[in-house]
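>>> sequence unknown, structure follows:
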């Protein structure tokens, strides 16, 4: 548009153009927030974009996450039914058998908040790969064990890694998806979660009855051998790094909460561990469970 002047000279009016570079600059301001720590975000929904059609890399990474979660859940329920065979072969006591089963769940539960905090500080991929490596090593230790103490060590390593797998799969999947599609993919991830829990007892019974209980550990290796490369090569997360000290990251860990969780489980299992016997009476056996339940509700309120 031109504006005529008295002298007959036409002066062009300034054209207002939208600064297309402003929006990406504003969108990335949040990346420099020192409170975020080091984290990774999926490039598929960078700057809030929703992509309905997922890439092949996304699908393969999803399969890798599902495979690792399936192994963790299957191993959680496979050992219990095979414990009599294991204790008989290795001449283990009932207390050792109890700890072989409990150590997996207890270590996994305690390590979940730790791995979540570590992933907030150092990114998602390194803790996830460390957890898979711990679970892999624990499976080998379990499979080659010659006594119950080695069985417990293997289960502890599996619990340390499995607890991280359980929580980091959900965290990574949340980073890979947008808010609109997150519930769909979390629901799909519930399929390997449920299938692993359901198949675990059957797998443990079949190996203990028709092969060897050691295969409960060996069977994890090929599944992880398929799932882990898919994550290494196809899990694509954009790194967002901020400068925070190691000590500040350690201080962010919820040490009080983790201590309360361990205390709660110890109280609830006091009677099974032999700390309180039947000869002390009904109330003596009931009190630890009551205290544990009250403690559990207190943790929920926190």
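Looks like it arrived, so ask away. Note that the structure is predicted; figures quoted are calculated from it, not measured.

>>> just checking, what packs against the helix or strand hosting residue 162?
Assessed by DSSP states H and E, residue 162 sits inside helix 148-176. Under the contact criterion of 3 or more CB pairs under 8 Å, 6 or more residues apart in numbering; DSSP states H and E, helix 148-176 touches strand 39-41, helix 56-90, helix 94-122, helix 125-143, helix 179-210. Backbone N, C-alpha and C define where each C-beta goes, glycine included.

>>> can you rerun that using 6 Å?
helix 56-90, helix 94-122, helix 125-143, helix 179-210 (3 or more CB pairs under 6 Å, 6 or more residues apart in numbering; DSSP states H and E).

>>> and those helices: which comes nearest residue 247?
Closest of these to residue 247 is helix 94-122, at 11.0 Å (criterion: CB to CB).

>>> same for the closest one, what does it pack against?
Against helix 94-122 (3+ CB pairs under 6 Å, 6+ apart) you get helix 56-90, helix 125-143, helix 148-176, helix 255-268.

>>> deepest of those, which one?
Stretch with highest mean neighbour count among the helices and strands packed on helix 94-122: helix 148-176 (a mean of 23; mean count of other CB atoms under 10 Å).

>>> tell me the pLDDT at the closest residue to residue 195 other than its chain neighbours?
Closest residue to residue 195 apart from its sequence neighbours, by CB to CB, 6 or more residues apart in numbering: residue 70 at 6.6 Å. Note on residue 70: pLDDT of 96.

>>> adjust the sequence numbering to begin at 305 for everything that follows.
I'll keep to 305 as the first residue from here, and by that count the last item is residue 374.

>>> quick check: residue 374 touching residue 500?
Yes: counting by CB atoms under 6 Å, residue 500 is a contact partner of residue 374 at 4.4 Å.

>>> where does the prediction get shaky in this structure?
Within the chain, the stretches with pLDDT under 70 are 305-356, 542-548, 550, 553, 556-558, 561-562, 565-566, 569-606.

>>> could you chop it up by domain?
For the chain, automatic domain parsing gives the domain ranges 343-348+357-557, 558-606.

>>> quick one: closest of the helices and strands packed on helix 452-480 to residue 473.
helix 360-394 (4.8 Å).

>>> other SSEs contacting the closest one?
With 3+ CB pairs under 6 Å, 6+ apart as the test, helix 360-394 has helix 398-426, helix 452-480, helix 483-514, helix 524-538 packed against it.

>>> and that helix with helix 524-538, angle?
Calculated by axes from the mean of the first three to the mean of the last three CA atoms, to 10 degrees, helix 360-394 forms an angle of 160 degrees with helix 524-538.

>>> relative to residue 437, how far out is residue 403?
Applying CB to CB, to the nearest Å, the value for residue 403 to residue 437 is 23 Å.

>>> go on, residue 449?
Distance, residue 449 to residue 437, using CB to CB: 19 Å.

>>> same thing with residue 395?
Using CB to CB, residue 395 is found at 31 Å from residue 437.

>>> repeat for residue 376
Residue 376 is 14 Å from residue 437, by CB to CB.

>>> now do residue 488
Residue 488 is 30 Å from residue 437, by CB to CB.

>>> same thing with residue 460?
Residue 460 sits at a distance of 15 Å from residue 437 (criterion: CB to CB).

>>> same thing with residue 402?
On the measure of CB to CB, residue 402 and residue 437 end up 27 Å apart.

>>> same check, this time on residue 425
19 Å.

>>> on that earlier part again, got the helices and strands packed on helix 360-394 as JSON lines, with distance to residue 564 columns?
Shown next, in JSON lines, are those (distance: least, CB to CB, whole Å):
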{"stretch": "helix 398-426", "distance to residue 564": "10"}
{"stretch": "helix 452-480", "distance to residue 564": "16"}
{"stretch": "helix 483-514", "distance to residue 564": "26"}
{"stretch": "helix 524-538", "distance to residue 564": "31"}
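
>>> deepest of those, which one?
helix 452-480 (a mean of 23).

>>> what angle sits between that one and helix 483-514?
Using the same axes, to 10 degrees, helix 452-480 lies at 160 degrees relative to helix 483-514.

>>> quick one, helix 452-480 and helix 398-426 angle?
Relative orientation of helix 452-480 versus helix 398-426 (the same axes, to 10 degrees): 30 degrees.
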